[in-house]
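Asker: predicted coordinates and the sequence they were generated for:
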Amino acid sequence: MYRTADGKEIFVIDGHTHFWDGSPANQKNIHGKQFIDCFYAYHANLSPPSEKWEKEKFEKYDAKTMFDDLFVSGYDDMAILQPTYLTDFYKNGFNTTERNAAMKKSHPDRFILNGAFDPRDGAKGLEDLHALAEKYKLQGVKLYTAEWRGESKGYKLSDKDSYKYLEAAQKLGIKNVHVHKGPTIIPLNRDAFDVADIDDVATSFQDLNFIVEHCGLPRLDDFCWIATQETNVYAGIAVALPFIHSRPGYFAHVMSELLFWLGPDKILYGSDYGIWTPKWLIDKFMAFEIPEDLTKETGSVLTLENKTKILGLNAARLYGIDVEAQKQKIRAGGGYAHLAEPVPA
Amino acid sequence: MSGDVATRLPERDRQAEHRQAEIWARLQSVMDPELDESVVDLNFVSRVDVDSANRVHIAFRLPTYWCAANFSFLMADDMRRAVAALDWVTGVSVVLGEHMYADTINAGLAQGLSFQETFGVEADGDLEDLRRTFLVKAFQRRQVALLSHLTATGHSPEMLTTLTVLELRGLPVDDEGDRLRRRYLERRDVVADAGDEMPAFVDAAGLPLGAERFAGYVAGLRRVGINAEFNSALCRGLLSVRFDLETPFIPKARASA
């Protein structure tokens, strides 16, 4: 919960969090080490110095640390757990649905648990998806189209097998498809960042929402164009958001373009925890304004209303969260005990 | 004999220095295809040596272990060609360090193989297509930078859209305008014939802009520039964290103590 100076409460849903284990004990090979090292470089490069973690904490943090960082010292009210399996690099996987499910189980009012699938897993994968969706009542999945697997250098959502999975997902009640279109690992020569496949499936699956994580970076230019034409395409701003500290000018440009092309109802906040933490990201975001010269060009303004949508209301709509009812649940569970009593109006 | 060596050494030093400078100047022209910036400015080249047989040995590294193999290969190949063009150079080796495909790429480079030959069945699709995609993006990025500068310094869309390549070359501009113009003209022929009498400003399809669609066109291109700036900032930051350690890591506990 974020409270403005004049007492207005902003309900925050973090669209992108992870509960990972990248520790040396879990690393299967050099790739596992390089993977967490690369994440750490993102963290160290884009965090303010006071927010940097020691390497060991970054490699593996416990459930309590995560809870505190998100909901106690951080302003998140709820968080979506997005899995990243990477079973080729990590003995028990990096950040599996199963691992995340333990977090969800301890704090059911706080977390939204997402699953994952890979259309290259064939019939077995469809069965697994079925079981996963039923067991955890999944509303969303996170997909990595650029993930390398044996002979395959990634896949496209527009492939025939992807269609099968998307059809199955839809039948299983999954509504939200988060697609990683951002800085990625192991892109060989296929252009793994290409966002054109989003265009195709967004048209074919009108009842699904496609949340393009990291707003298509490093292909923001192509993404904005596609997102404009499709009503069910959203932008997740994880990875773009921390630039608010190191390169506020570029962050302003990115927000101004997203607001111009997609509008304030199609942008979702995400911290990408544990790469970055909600507290400083949201403090800076709430204080942030798009410079006047950019507003003059694009007409984009980060009003309080727009910030409220981006921080929580848009995700609440996608995941069917009744914000007032959810706040009461969290309050009843003592979730706001650390906050000062709201000033009576 | 010893006197002879003493007088020749400084000259040899001068020559070595000169050759180093020549190599770095050649490398300066090699671009990261995605970022459209020099591999030297990006700090990717970590070492250049010339051995006694005038073979050049270049070492480079990238911001992450996972950087795209195709682009990594392209850059290495471009570096090899750029330096091999110096007439005194008898051979060039380019070695990529700390990369997921370092061994594969280095072996391919050493044998003079193409990307396709190096990666075999793993390389599907045409690397040249991708190279072209990014040349067009570079053209667009350089063009929007120049157009924004020229309109900001008082040149009207009506005038700019009627300029020929030759007239653009002769247009009086400030230093920054001159720098941007040079960068733009380097890429002008990516999309269409860039002869003196051809229109200076054309779109990616090679069609003249026309004053009436100028504003919308420039607004559309803006995203290409922003995207590239963003990528560049990210890549520089990651490289710096990975190798240079310019920002020493201070643990939170100690920082606040």
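Answerer: Sure thing, it's come through.

Asker: when you work out contacts or count neighbours from here on, use the C-alpha atoms and nothing else.
Answerer: Will do.

Asker: in the chain, what helix or strand scores lowest on average pLDDT?
Answerer: Reading this off chain A. helix A:220-229 (a mean of 85; mean pLDDT, DSSP states H and E).

Asker: could you do chain B instead?
Answerer: helix B:252-256 (a mean of 38).

Asker: before we move on, the earlier item: which of the residues in the least confident helix or strand of chain A are buried?
Answerer: A:220-228 (16 or more other Cα atoms under 10 Å in any protein chain shown).

Asker: look at B:Asp4 and report its pLDDT.
Answerer: At B:Asp4, the pLDDT value in this model is 57.

Asker: roughly how far apart are the one residue sitting closest to the centre of chain B and B:Leu42?
Answerer: Chain B has B:Met31 as the residue nearest its centroid, 1.4 Å off, counting by Cα atoms, centre = their mean. B:Met31 sits 9 Å away from B:Leu42, going by Cα to Cα, to the nearest Å.

Asker: over to A:Asp77?
Answerer: Taking Cα to Cα, one finds A:Asp77 at 41 Å from B:Leu42.

Asker: I'd like to know how many residues surround A:Leu217.
Answerer: When neighbours are defined as other Cα atoms under 10 Å in any protein chain shown, A:Leu217 has 27 of them.

Asker: so it sits against A:Val195, correct?
Answerer: No: in this structure A:Leu217 lies outside contact range of A:Val195 using Cα atoms under 8 Å: 9.8 Å.

Asker: sorry, back to before: okay, A:Asp77 and B:Leu42: which has more neighbours?
Answerer: Neighbour totals were compared for A:Asp77 and B:Leu42, and A:Asp77 leads with 25 against 19 (other Cα under 10 Å).

Asker: for the more buried one, give its distance to chain B.
Answerer: Distance, A:Asp77 to chain B, by Cα to the nearest Cα, to the nearest Å: 25 Å.

Asker: how about the residue nearest to the centre of chain B: what's its closest non-neighbour residue?
Answerer: B:Ser38 (4.3 Å; Cα to Cα, 6 or more residues apart in numbering or on different chains).

Asker: so that neighbour makes contact with B:Asp32?
Answerer: Yes: the criterion here is Cα under 8 Å, and B:Ser38 meets it with B:Asp32 at 6.2 Å.

Asker: quick one: which of those two has more around it?
Answerer: Between B:Ser38 and B:Asp32, counted using other Cα under 10 Å, B:Asp32 has the larger neighbour count: 21 against 17.

Asker: contacts only, for the more buried one.
Answerer: B:38-39, B:71, B:75 (Cα atoms under 8 Å, 6 or more residues apart in numbering or on different chains).

Asker: go again with 6 Å.
Answerer: The neighbours of B:Asp32, taking Cα atoms under 6 Å, 6 or more residues apart in numbering or on different chains as the test, are B:Val39.

Asker: strands of the stretch 51-200 of chain B, residue ranges please.
Answerer: Assigned by DSSP state E, counting those that start in this stretch, the stretch 51-200 of chain B shows strands spanning B:55-60, B:91-96.

Asker: just for the chain, where's the confidence low?
Answerer: Unless you meant another one, I'm taking chain A. A:153, A:182-193, A:341-345 (pLDDT under 70).

Asker: meant chain B actually
Answerer: Across chain B, the ranges flagged by pLDDT under 70 are B:1-8, B:121-126, B:244-257.

Asker: buried deepest among the strands of the stretch 51-200 of chain B, which one?
Answerer: Comparing the strands of the stretch 51-200 of chain B by mean neighbour count (mean count of other Cα atoms under 10 Å in any protein chain shown), strand B:91-96 comes out on top with a mean of 20.

Asker: quick one: list the elements packing against that one.
Answerer: Packing contacts for strand B:91-96, counted by 3 or more Cα pairs under 6 Å, 6 or more residues apart in numbering or on different chains; DSSP states H and E, involve strand B:55-60.

Asker: for the stretch 51-200 of chain B, which residues are neighbours of chain A?
Answerer: B:66, B:68-70 (Cα under 6 Å from any Cα of the partner chain).

Asker: in a markdown table, list those residues along with neighbour count.
Answerer: What follows is those, written out as a markdown table (neighbours: other Cα atoms under 10 Å in any protein chain shown):
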| residue | neighbour count |
| --- | --- |
| B:Trp66 | 22 |
| B:Ala68 | 22 |
| B:Ala69 | 24 |
| B:Asn70 | 21 |
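
Asker: what parts of the stretch 201-345 of chain A come near chain B?
Answerer: Close to chain B, as judged by Cα under 6 Å from any Cα, the stretch 201-345 of chain A has residues A:220-221.

Asker: not counting its neighbours along the chain, what's nearest A:Gly122?
Answerer: The shortest distance from A:Gly122 to any non-neighbouring residue, by Cα to Cα, 6+ apart, is to A:Asp161 (7.6 Å).

Asker: and that neighbour, how many neighbours?
Answerer: By the measure other Cα under 10 Å, the count of residues near A:Asp161 is 18.

Asker: same question, A:Asp68
Answerer: Counted with other Cα under 10 Å, residues neighbouring A:Asp68 total 13.

Asker: three-state assignment of the residue lying closest to B:Lys137 once chain neighbours are set aside?
Answerer: With Cα to Cα, 6+ apart as the criterion, B:Lys137 has its nearest non-adjacent residue at 7.0 Å, and that residue is B:Val224. Three-state assignment for B:Val224 (DSSP: H, G, I helix; E, B strand; the rest coil): helix.

Asker: surely B:Val224 touches A:Arg219?
Answerer: No: with contact defined as Cα atoms under 6 Å, B:Val224 does not reach A:Arg219; the gap is 8.4 Å.

Asker: joint contacts of the two?
Answerer: By Cα under 6 Å, 6+ apart, no residue touches both B:Val224 and A:Arg219.

Asker: need the strands for the stretch 151-300 of chain A, in chain order.
Answerer: Going by DSSP E, counting those that start in this stretch, the stretch 151-300 of chain A shows strands at A:176-180, A:209-213, A:233-236, A:267-268.

Asker: pick the most buried one from those.
Answerer: strand A:267-268 (a mean of 28).

Asker: how far off centre is it?
Answerer: Computed by Cα atoms, centre = their mean, to the nearest Å, the chain-centroid distance of strand A:267-268 equals 9 Å.

Asker: partner strands of it, with direction?
Answerer: For strand A:267-268, the pairing partners within the sheet under DSSP bridges are strand A:233-236 (parallel).

Asker: tabulate the CA atom coordinates of the strand it pairs with in CSV.
Answerer: Output in CSV follows, covering the C-alpha atoms of strand A:233-236 (Å, rounded to 0.1, in the frame of the first residue of the first chain):
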residue,chain,number,x,y,z
VAL,A,233,-1.8,-6.5,-25.7
TYR,A,234,-0.3,-4.9,-22.6
ALA,A,235,3.2,-3.7,-21.6
GLY,A,236,4.9,-4.9,-18.4
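
Asker: ok, A:Ala332 - how many residues close by?
Answerer: Neighbour count for A:Ala332, taken as other Cα under 10 Å: 11.

Asker: now do the contacts for it.
Answerer: Neighbours of A:Ala332 in contact, by Cα under 6 Å, 6+ apart: none.

Asker: please report how far it lies from chain B.
Answerer: 34 Å.

Asker: put together TSV for the strands of the stretch 51-200 of chain B, with distance to A:Lys327 on each row.
Answerer: Listed next are the strands of the stretch 51-200 of chain B as TSV, based on distance: least, Cα to Cα, whole Å:
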stretch	distance to A:Lys327
strand B:55-60	53
strand B:91-96	53
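
Asker: tell me which residues in the longest helix seen in chain A are buried?
Answerer: Longest helix in chain A, counting residues (DSSP state H): helix A:30-46. Within helix A:30-46, the residues scored as buried using 16+ other Cα under 10 Å are A:31-46.

Asker: contacts for it?
Answerer: Helix A:30-46 has contacts (Cα under 6 Å, 6+ apart) with A:22, A:89-90, A:275, B:237-238, B:241.

Asker: doesn't A:Phe117 make contact with the residue nearest to A:Gly122?
Answerer: No: using Cα under 6 Å, A:Asp161 makes no contact with A:Phe117, being 11.4 Å away.
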